[in-house]
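Predicted coordinates and the sequence they were generated for:
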Amino acid sequence: MNKANTFYEIQDAVAFNNPIDEKNEFYTDFSGFRKGFSEKKVFKYLNINPTTKECNSISQPLKLFLSGHRGTGKTTELLKLKNEIDETTCFFTVFCDLSDEELDVNNIDFIDIVILILEKLTETLKEREIDIPKANIEPFYDWYKQRISEINSQTDESASIEVEGKTGIDLFSLFSLVTKTKGKLSGSNSTKETIRTVFKNKFPDYRLKFNEFTLDIKKYLLDNHISKDLLFIIDGFEKIGSLEDRKKILIDNSNKFVEIKANMIITLPIELFSEVGRLKEFAKHISFPLITLDDESKERFKDFIYKRIDKNLFDNEQTVEKIISYGAGSPRETLKIISNAYIEANEEIIDLKSVKDTQKSISEEMIKYLNEKEILLLKEIKENKPIPFSPELATLLVKKIVLEYDDGLEKQINPILLDNENFTNLI
């Protein structure tokens with residue numbers, strides 16, 4: 001991605017599905033503008049001194065859930081966190097993005113994620129040229145190979161997973177076999193269900209073998225002064241197709257996350273925030289709210305925009321301020337508004353009319369499918385009444401009709417709706 005210096009370069013410059021880290025020229029630091037969130041909290045949970053980056057060991061594997069609206073910048077924050085941790089010897093970090101790994105997010109199972117975690121572990125070790133001894137790999141490889149043989153015996157030969165000979169077993173051999181397994185989990189095929197069934201039936205064995213394997217890796221990393229522990233960062237759960245699947249994987253199968261004895265930071269979709277009470281039995285939780293807009297954060301958003309788009313492609317600064325207001329503290333929504341205004345623009349410039357046309361089309365789409373219960377709830381929010389969690393609120397949060405700030409304590413109606421006369425008449 002490059003900065004847009006001409007009008008027709010805008011669309012690529014505001015691509016909002018491409019997460020970046022602090023090494024990217026588009027990166028903007030919003031630290032301190034999210035009430036209730038501090039990066040220091042994450043470091044403290046990981047037993048890392050936020051100032052010196054020195055670390056102490058964690059006696060029990062940590063499970064940390066990070067929750068917030070989609071588009072708040074969680075992935076960018078996690079990539080930044082990963083880079084900072086990688087500069088220490090505290091953790092060997094493994095980053096897993098469910099939406100970027102060829103898994104079918106519209107048909108996904110907990111087993112798919114377990115296999116993804118293993119693939120990313122072996123891939124990251126391989127990329128960093130960590131030469132794990134064959135003796136540490138072979139027991140797990142042999143067990144995994146037996147499961148593949150079991151799967152192959154239940155599928156057509158044309159759909160089977162190719163298994164290499166035992167000669168020369170190494171990290172790449174395991175990575176290759178796991179990658180082939182994951183490849184069968186995308187799309188619609190009978191092999192997918194067979195893989196899931198076999199690994200579910202053998203999950204008690206799997207987690208024991210996986211835990212032994214990661215313990216051996218951890219010891220090797222420690223003995224060779226590479227890192228003191230392993231940390232998996234698992235992102236992208238909010239992009240799983242249905243609420244039912246998200247809940248099934250993260251809540252109903254939460255005990256399986258516990259059984260995997262590894263440190264994990266997991267993004268929690270905002271509509272599952274009400275389940276935090278159940279998760280607290282085994283996990284910590286940090287809210288990652290939207291950016292609270294004030295004079296200082298609005299100036300930071302201008303930097304965020306001007307890093308991507310030349311100032312001269314807007315008619316004036318008031319138009320940029322209106323975009324920021326409608327973005328409501330969400331970096332992704334801010335980019336979406338610019339992208340839509342680019343399409344709406346009559347001339348080769350983003351002006352106030354194109355922004356207002358964008359606001360109208362987005363808000364009308366939001367209003368279209370509101371039901372009676374949701375409208376009643378929006379009336380209560382407008383009147384600043386205390387709002388208990390409910391399925392209706394979950395839906396409004398997912399659709400970004402209602403936005404949460406300050407660790408979820410403050411709820412607001414999306415400002416893009418409040419400028420719509422039909423909506424204000426409705427509530």
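Great, that's in hand. None of these values were measured; they are calculated from a predicted model.

where does the protein have its least confident helix or strand?
Lowest by mean pLDDT, DSSP states H and E among the helices and strands of the chain is helix 276-279, with a mean of 72.

List the strands paired with the helix or strand just after it, with their directions.
Later in the chain than helix 276-279, the nearest helix or strand by DSSP states H and E is strand 284-287. Strand 284-287 has the following strand partners under DSSP bridges: strand 63-68 (parallel).

now what about whatever helix or strand comes next after the partner strand, what contacts it?
Next in sequence after strand 63-68, counting helices and strands by DSSP H and E, comes helix 74-86. With CB atoms under 8 Å, 6 or more residues apart in numbering as the test, helix 74-86 has contacts from 19-23, 27, 39, 42, 46, 48, 53, 66, 68, 91, 93, 95, 97, 231, 233, 235-236, 265, 267, 288, 331. Any C-beta I mention is one placed from the backbone N, CA and C, and that applies to glycine too.

rewinding a little: for the least confident helix or strand of the chain, the distance to its chain's centre please.
The gap between where helix 276-279 is centred and where its chain is centred comes out at 19 Å by CA atoms, centre = their mean, to the nearest Å.

what's it packed up against?
In terms of contacts (3 or more CB pairs under 8 Å, 6 or more residues apart in numbering; DSSP states H and E), helix 276-279 is packed against strand 63-68.

can you dump the C-alpha coordinates of the strand it packs on into CSV?
Output of strand 63-68 as CSV, limited to C-alpha atoms (Å, rounded to 0.1, in the frame of the first residue of the first chain):
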residue,chain,number,x,y,z
LYS,A,63,-5.2,-17.4,28.9
LEU,A,64,-5.9,-13.7,28.2
PHE,A,65,-9.0,-12.6,26.3
LEU,A,66,-8.9,-9.3,24.5
SER,A,67,-12.4,-8.1,23.6
GLY,A,68,-13.7,-5.1,21.5
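
And the top helix by length along the chain, what's buried?
Across the chain, the longest stretch assigned as helix under DSSP state H is helix 203-223. Using 16 or more other CB atoms under 10 Å as the burial criterion, the residues of helix 203-223 that qualify are 203, 206, 207, 209, 210, 213, 214, 216, 217, 218, 220, 221.

shaky segments in the protein?
100-101, 165-168, 187-188, 408 (pLDDT under 70).

Relative to residue 241, how far out is the closest residue in space to residue 243 that isn't next to it in sequence?
Leaving aside its chain neighbours, residue 243 sits nearest to residue 271 (6.2 Å; criterion: CB to CB, 6 or more residues apart in numbering). Separation of residue 271 from residue 241 (CB to CB, to the nearest Å): 13 Å.

The two: which is more packed in?
Neighbour count, other CB atoms under 10 Å: between residue 271 and residue 241, residue 271 has more, with 22 against 12.

from memory the more buried one sits against residue 394, does it?
Yes - contact criterion CB atoms under 8 Å: residue 271 and residue 394 qualify, at 3.9 Å.

hmm, back to that, just the buried subset of the contacts of helix 74-86, please.
Buried among these (16+ other CB under 10 Å): 19-21, 39, 42, 46, 48, 66, 68, 91, 93, 95, 97, 231, 233, 235-236, 265, 267, 288, 331.

out of the residues you listed, which are inside strands?
Of these, the ones assigned to strands by DSSP state E are 66, 68, 91, 93, 95, 97, 231, 233, 235, 265, 267.

With distance to residue 380 as added columns, please give those in TSV.
Output for these, formatted as TSV (distance: CB to CB, whole Å):
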residue	distance to residue 380
66	28
68	23
91	44
93	43
95	40
97	37
231	41
233	37
235	33
265	34
267	29
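
and those, which two are the farthest apart?
Using CB to CB, those reach their maximum pairwise distance at 68 and 91, which is 22.5 Å.

any idea whether the residue nearest to residue 243 is helix, strand or coil?
Under the three-state scheme (DSSP: H, G, I helix; E, B strand; the rest coil), residue 271 adopts helix.

Next one: it from residue 61, what distance?
Distance, residue 271 to residue 61, by CB to CB: 26 Å.

likewise residue 163?
Using CB to CB, we find residue 163 at a distance of 31 Å from residue 61.

just residue 280 next, same as before
Separation of residue 280 from residue 61 (CB to CB): 16 Å.

neighbour-wise, which of those two wins?
Shown here are residue 280 and residue 61; by other CB under 10 Å, residue 61 has more neighbours (18 against 11).

Next, the residues that contact stretch 337-346 from outside, please.
7, 10-11, 14, 16, 305, 309, 323, 326-327, 350-351, 353-355, 357-359, 361-362, 416.

6 Å instead, please
10, 14, 323, 326, 327, 350, 354, 355, 357, 358 (CB atoms under 6 Å, 6 or more residues apart in numbering).

Can you flag which of these belong to helices?
10, 323, 326, 327, 354, 355, 357, 358.

what number of residues lie near the second one?
Just to be clear, that refers to residue 323. Neighbourhood size, residue 323 [other CB under 10 Å]: 24.
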